[in-house]
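Asks: need the 3D shape of this:
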Amino acid sequence: MSRSARLVPAVAGVLALLLSGTACDSGVGGTPGAAGVRDPYFPKAGNGGYDVGHYDLALDYTPGTGRLTGRAVITARATEDLSAFDLDLVGLHVDSVVVEGRRALFSRTGQELVVRPHDGLREGETFSTTVRYSGVPRTLTDPDGSKEGWLRTADGAAGLGEPVGSMAWFPGNNHPSDKATYDITVTVPKGLQAVSNGDLTSRTDKGGHAVYAWHTGRPMASYLAMVAVGHFDITRTTGPHGLPVLTAVDPAQAAASRRVLAKIPAIIAWEEYNFGPYPFSSTGAVVDRPKDSGYALETQNRPYFPGAPTVDVLVHELAHEWYGDAVTPKSWRDMWLNEGFATYAQWLYDEDHGGDSAQKTFTDLYHRDDEALWAFPPAKPSSAAHISDRPVYERGAMVLHKIRQKVGDDTFYDIIQGWVASHRYGTASTADFTTYVEKKAPDEDFGGIWKDWLYGDGKPGRP
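Replies: Numbering: from 1, shown residues only. Predicted coordinates:
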């Protein structure tokens, strides 16, 4: 994906001062925060100098015109003395920016919204930034050719964010390493529904519009944020220990989805038994029409599906609530910690429900004449265009099966449950995982697994 170069901070600052005729007078001798966190595949994603604690988003969407009006209140803590900082936002018109109650100067360069507050920000200071914006949000094309960002649907829209699409519909620190809680309020024409992450806290009427307020009380990466606007049949049931289950299904998909979605409570119960307690306050699913997007996505609390899901896809996406949503990768190089785990969940589910054993699935994959499976190691995708390719999914699952073979089932399940328990609501890297495994089974030598299966090029010499 192309990235535009950011203005040199010093030049941007001089221009801002010339335009305003005023300088910061707080006495803070800060510097501009970094544009990008140098992710190995998306180096301009995210920003340096601050950590977001909470997003309060108010969105007003009109499907007929495709226009979105937004207000984002971002509460963050400065991690260094700042004279300026960046937010990720692509397209859309920025109407105003206010930092700590005072209008701030801002400029746009590519995906960077460069904000220069009236007063500098001290390291450790918590500050609030309000961005008002509007326009027709963009649909972005990923390096692998898939579409994300703001997708127009037959009767509304879907805001999807993996890996960087969230910046098409709200400004933020758009990298998985910075998780935050969210309040997302969506206003739509009456007769439509607006579904998002977390818990529905209110639904009110305002003239000819309906206002839906959603609250996500556990930290969430920006790529997991989701909004779906359209006609939905909304159903509320309960799962294990009274867990709220909310499904929102396009009426055209209701019949095809009913049997599979009814399995959500049982799938969650099975996944809790294997992976540990469900990490969030609610679960469910959003089912749109098949042409609305080209993929299912593990949006937090309730995954998003383009059309009725199959049982194995539902198992996969719900497993991400543990692996990917509760424990989130530190960088996009660590994607196998999401997809390898969710794929292995499918193998385990099949094994427990009359299908092939995980061992048979592993052996069949190994002996299949399939060069694409061995194109690169799961922990080292060859480029941004390949972070969702089969080695990340299936070879990633094979790494987990090799660990299970070595340590046995008791220790293996201790590992995959303890991994979530010890890193829940945070982020983790591949190095964090290998260190964790070695500590859980200190008498075992995992060097061969890491060398041949996790990091090694080509097909290992034997299964």
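Asks: helix or strand next in line after the lowest-mean-pLDDT helix or strand in the chain, which one?
Replies: Least confident element among the helices and strands of the chain, by mean pLDDT, DSSP states H and E: helix 9-20 (a mean of 37). Per DSSP states H and E, the first helix or strand lying C-terminal to helix 9-20 is strand 31-32.
Asks: what pairs with that next one, parallel or antiparallel?
Replies: Sheet pairing here is set by DSSP bridges, and for strand 31-32 it gives strand 82-88 (parallel).
Asks: I'd like the next helix or strand past the partner strand.
Replies: Following strand 82-88 in sequence order, the next helix or strand is strand 93-99 (DSSP H and E).
Asks: okay, the angle between that next one and strand 82-88?
Replies: 140 degrees (axes from the mean of the first three to the mean of the last three CA atoms, to 10 degrees).
Asks: could you give the mean pLDDT of the helix or strand following strand 93-99?
Replies: Scanning forward in sequence from strand 93-99 by DSSP H and E, the next helix or strand is strand 102-103. For strand 102-103, the mean pLDDT works out to 98.
Asks: just want the angle from the helix or strand following strand 102-103 to strand 82-88.
Replies: Where DSSP H and E defines the elements, the next helix or strand beyond strand 102-103 is strand 105-109. Strand 105-109 runs at 40 degrees relative to strand 82-88, counting by the same axes, to 10 degrees.
Asks: next, the buried residues of strand 105-109.
Replies: Buried residues in strand 105-109, defined by neighbour count with 16 or more other CB atoms under 10 Å: Leu105, Phe106, Ser107, Arg108. In short, each C-beta sits where N, CA and C put it, glycine included.
Asks: one more: stretch 133-153?
Replies: 133, 137-138, 140, 142-143, 146-151, 153.
Asks: start and end of it, how far apart?
Replies: By CA to CA, to the nearest Å, the extent of stretch 133-153 from end to end equals 22 Å.
Asks: in what helix or strand does Thr185 lie?
Replies: In the assignment (DSSP H and E), Thr185 maps to strand 180-189.
Asks: which stretches of the stretch 251-400 of the chain have low pLDDT?
Replies: Within the stretch 251-400 of the chain, no stretch has pLDDT under 70.
Asks: convert stretch 313-330 to PDB, retaining C-alpha atoms only.
Replies: The C-alpha coordinates for stretch 313-330 follow below in PDB (Å, rounded to 0.1, in the frame of the first residue of the first chain):
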ATOM      1  CA  VAL A 313     -15.300 -20.600  10.100                       C
ATOM      2  CA  LEU A 314     -17.400 -19.600  13.200                       C
ATOM      3  CA  VAL A 315     -15.100 -21.700  15.400                       C
ATOM      4  CA  HIS A 316     -12.000 -20.000  13.900                       C
ATOM      5  CA  GLU A 317     -13.300 -16.400  14.300                       C
ATOM      6  CA  LEU A 318     -14.600 -17.000  17.800                       C
ATOM      7  CA  ALA A 319     -11.200 -18.500  18.800                       C
ATOM      8  CA  HIS A 320      -9.700 -15.100  17.900                       C
ATOM      9  CA  GLU A 321     -11.500 -13.600  20.900                       C
ATOM     10  CA  TRP A 322      -8.700 -15.300  22.900                       C
ATOM     11  CA  TYR A 323      -5.900 -15.300  20.300                       C
ATOM     12  CA  GLY A 324      -5.700 -11.900  18.600                       C
ATOM     13  CA  ASP A 325      -8.400  -9.900  20.500                       C
ATOM     14  CA  ALA A 326      -7.500 -10.600  24.100                       C
ATOM     15  CA  VAL A 327      -3.800 -11.200  23.300                       C
ATOM     16  CA  THR A 328      -3.000  -9.000  20.400                       C
ATOM     17  CA  PRO A 329       0.200  -9.100  18.300                       C
ATOM     18  CA  LYS A 330       2.800  -6.400  18.900                       C
END
